[in-house]
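Q: Predicted structure and sequence below. I'll ask about it afterward.
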Amino acid sequence: SLVLTDTGTGIIHSVMDATLDLGDQIVIVSGISVDEARLAAETLTWLETNGHEQLAQNAVVVINQDRPGTPLVRLDELESHFRSRVRDVVRIPYDAGIATGSAISFHDLDRATCDAARRLAATVVEGIRAS
């Protein structure tokens, strides 16, 4: 069976420790700002220092470009930083169909977004199969 949970900012909540103990795969989402990347990196550090080293090493980081245009950060450097700490990194490009914040229809998304979502799904499944 597959269970998905969104911890939001509550990863240090007492209930999450038991949830993380049962988990086979974790996905950490980072935006493209320095602050968002720092929070994602801090989440990895918290996992590593609180008994979840293996989960952190096998994690997938998603770099989500939630704004159009050229990012202010160097995405290659951001990806390289996370790649040195986790199993894989997947970039999700900006897509107006997601940015609206309403219901998402996969068929209405840009091709690049669909390809990235498929790659993310495949990467997560590979991690579950390997565990």
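A: Great, that's in hand. Numbering: from 1, shown residues only.

Q: now the strands for the protein?
A: Ranges of strands within the chain are 27-30, 60-64, 88-92, based on DSSP state E.

Q: Next, the residues that contact the second one from outside, please.
A: What it means is strand 60-64. Residues from elsewhere that reach strand 60-64 (CB atoms under 8 Å, 6 or more residues apart in numbering): 25-32, 40, 44, 75, 78-79, 82, 85-92, 120, 123-124, 127. Bear in mind the C-beta positions are built from the backbone N, C-alpha and C, glycine included.

Q: right, and S105 touches T113 too?
A: No: applying CB atoms under 8 Å as the test, S105 and T113 come out as separate, 11.5 Å apart.

Q: Of those two, give the one with the bigger neighbour count.
A: Remark: of S105 and T113, T113 carries more neighbours, 20 against 8, as counted by other CB atoms under 10 Å.

Q: May I have the residues that are in contact with that one?
A: Contacts of T113 (CB under 8 Å, 6+ apart): I92, P93, D95, G97, I98.
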